[in-house]
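In: predicted model follows, preceded by the sequence.
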Amino acid sequence: MRFALPIALCTALGLALAACTPSPPASPSAGEPERPRPKVDDTAAAAATGTVTIAGEDASEDVQRWTPARVDRQGRTLAQLRRAAEQAFSDGRLYEDGEAAIPLWLAVQEEAPDDRAARAGLQRARQRLQQQADALLARPLQQREALAEAGRQALVLLTLAPNDPKVRALQSRVETAQRVVAYNRSGEEDLRAGRVGEDGDGAIPAFREALALDANNRRARQGLAAAESALIRRAEDAARSRDFASAGAWLAEASKVRDSSPTIADAFERIEQIRAATLVQLRDGGLRDLETPQGLKPAREKLAEALRIALPGDAVVAQLRERIDLATHYGSFRPGQVFSDPLRDGGRGPQMIVVPHGGFQMGAGDTEPGASDAERPSHYVRFERGFAMAITEVTVADFERFVKATNARPRATRRGHSVVYDERSGNFIRRSGVDWRSDYDGSRAMGNSPVMHVSVRDAENYATWLSEQTGRAYRLPSEAEFEYALRAGGSGRYPWGDAGLPPAGSGNYTGSQDVSPSGRHWHNAFVGYGDGWWGPALVGSFQANAFGLHDMGGNLSEWVADCWHSSYRRAPSDGVAWYNPGCRARVIRGGNWANAPEQTRAAWRQSQDSDTTNARIGFRLVRGI
């Protein structure tokens, strides 16, 4: 205990007096430790003008006595003193001063020891004091003030009737109540100071001492409940800090405070709920980490934390472990998975497919026919994670949603023209009034046609809007991602391999059998190949490649995220875009409907000004997984 222990408690209500005579402490029984005693509070005002010591029932016991105040008798008859006493009694002034009822009746008895009125008045006063003291001891609030007053009243009664068993019993009750209050106050002070007492020194022992004196003391029982709650709070705070070992230890201590407390079972449930919620939080956080490009490490850290705090066999932890194994390469997806993200305005984004992770040899070999130095040196690129790529090129309808939602004015719209194919001359020319809504010849394009006449900035702005709409990170693919997806596991000269002609139905390439509306044919084309389209085909019109992607090597060439570099020297090996902020020369990849055969090779790349718009360039997006 942290309170001071006096030699012994005052035997007659130290709350009422400024001084008391100590008596020796009772000896503990054999084998029973002596209970610590709380410090007595002597702040109450003294209730009498002085004290005397008289012999009690036990001649060895000294008892505090009350000394009645002096009564001014000069010029007053016994009858006047009687009337004054009766009036004081009627007014409720029993002992406080020389004009109170008891001092006045004692003064009458001093002159007339056999005065019946005085004897009867003192008897009535004793009864009232006994009643008042009983009521004060039963008062649940303001106990210190009530005990002080009860102590004063008991002292008066002890003086009037030192051998009365009721008075002696009252004296004992007051002393016990005083000790109970002192123990309770000490326990409450310890609670406020955070000394709960689970180590045997603090609030819990104090309240137990109080209950040893008064088994039904509500204040002490409430104190133990508060101590139990304090230990439970420590357990729950430890659980919230993910220290479940300490939480269990604190809860075990709390369970010792009171017998069969239902709050312990409730606290256990709450702590287990905290544990379960923490594990769910770690799992969900790990799953969110796995959706980011660099999220595998933090996800594994969350798994380690979950394993530390989980009980054996926890299903939530097992789920996170399984997802991490899958997410090592595919995040929260699986290779080949097709999906589309919901838009905030209620629509759906472009249909995406998960491209498997892996590596490939990027660029053209030293002996590849038709290759240029810009496609060399060939270098190995590896993707440790897969990525999602749009299955088709972005369509006119897709782009229209963006334009309407943002009131965008793409480059060709602001400029008022773009480059189209002119059927009369057979050449590509600049034509006014052409923009993203236009087809290859300047006519109105269909909604499921690939959008063309867009600059790389227009494509990036669409990606930014789509990211805002979906909450996902959409962007243009890097050159490495594009070529990897175009090759789809192959290593040949063309997207389909090394064969000189495209397989039938494999894509919209420039074939000698293609015919324009006026009967024109291509002069520099794949001889003997025809796909039935002059101009871009509707998206998805041809077979998908091995990765499930359409039109990677034909239909439209496509913007990628990289800036133009004249070779692959010092190019990234991890597949990220090779980008220099502020560059104007950008890159297009993949053949189109009006390309020479050498421009349909898998390694072909070309530089374009960032403001370029024409009928042979479109784009598609990728999204991190």
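Out: That came through, no problem.

In: buried residues in stretch 155-172?
Out: Buried residues in stretch 155-172, defined by neighbour count with 16 or more other Cβ atoms under 10 Å: 155-162, 167-168, 170-171. C-betas here are computed from N, CA, C, even on glycine.

In: and stretch 114-121, by the same measure?
Out: For stretch 114-121, burial by neighbour count (16+ other Cβ under 10 Å) applies to 115, 117-118, 121.

In: which of those residues lies closest to residue 496?
Out: Nearest to residue 496 among these: residue 121, at 125.0 Å, using Cβ to Cβ.

In: contacts only, for that closest one.
Out: Contact analysis of residue 121 by Cβ atoms under 8 Å, 6 or more residues apart in numbering lists 82, 85-86, 89, 101, 105.

In: on that earlier part again, select from the buried residues of stretch 114-121 every entry located in helices.
Out: Those of the buried residues of stretch 114-121 mapping onto helices are 117-118, 121, per DSSP state H.

In: got the contacts of residue 121 as CSV, with neighbour count, secondary structure and pLDDT columns?
Out: Formatted as CSV, the contacts of residue 121 follow (neighbours: other Cβ atoms under 10 Å; DSSP: H, G, I helix; E, B strand; the rest coil; pLDDT from 0 to 100):
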residue, neighbour count, secondary structure, pLDDT
82, 19, helix, 94
85, 28, helix, 94
86, 16, helix, 96
89, 19, helix, 96
101, 25, helix, 95
105, 30, helix, 95
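
In: generate CSV for the residues you listed, with distance to residue 445 as supplementary columns.
Out: Formatted as CSV, the contacts of residue 121 follow (distance: Cβ to Cβ, whole Å):
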residue, distance to residue 445
82, 122
85, 117
86, 116
89, 112
101, 112
105, 118
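
In: ok, of those, which one's closest to residue 395?
Out: residue 89 (105.1 Å).

In: ok, now how distant is the closest one from residue 155?
Out: According to Cβ to Cβ, to the nearest Å, residue 89 stands 19 Å off from residue 155.

In: with residue 80 instead?
Out: To residue 155, residue 80 is 28 Å away according to Cβ to Cβ.

In: surely residue 487 touches residue 360?
Out: Yes - Residue 487 is in contact with residue 360 according to Cβ atoms under 8 Å; the separation is 6.0 Å.

In: neighbour-wise, which of those two wins?
Out: Taking other Cβ atoms under 10 Å, residue 487 and residue 360 do not tie; residue 487 has more neighbours (24 against 20).

In: give the contact list for the nearest residue to that one once chain neighbours are set aside.
Out: Closest residue to residue 487 apart from its sequence neighbours, by Cβ to Cβ, 6 or more residues apart in numbering: residue 602 at 5.3 Å. Contact analysis of residue 602 by Cβ under 8 Å, 6+ apart lists 483, 486-487, 490, 492-495, 553.

In: need phi/psi at residue 422.
Out: With angles defined as degrees, to the nearest 10, residue 422 sits at phi -100, psi 120.

In: quick one: residues contacting it.
Out: Residue 422 touches 428-429, 431, 441, counting by Cβ under 8 Å, 6+ apart.

In: so can I have a markdown table of those residues showing neighbour count and distance to residue 125?
Out: Formatted as a markdown table, these follow (neighbours: other Cβ atoms under 10 Å; distance: Cβ to Cβ, whole Å):
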| residue | neighbour count | distance to residue 125 |
| --- | --- | --- |
| 428 | 15 | 123 |
| 429 | 12 | 125 |
| 431 | 16 | 120 |
| 441 | 17 | 121 |
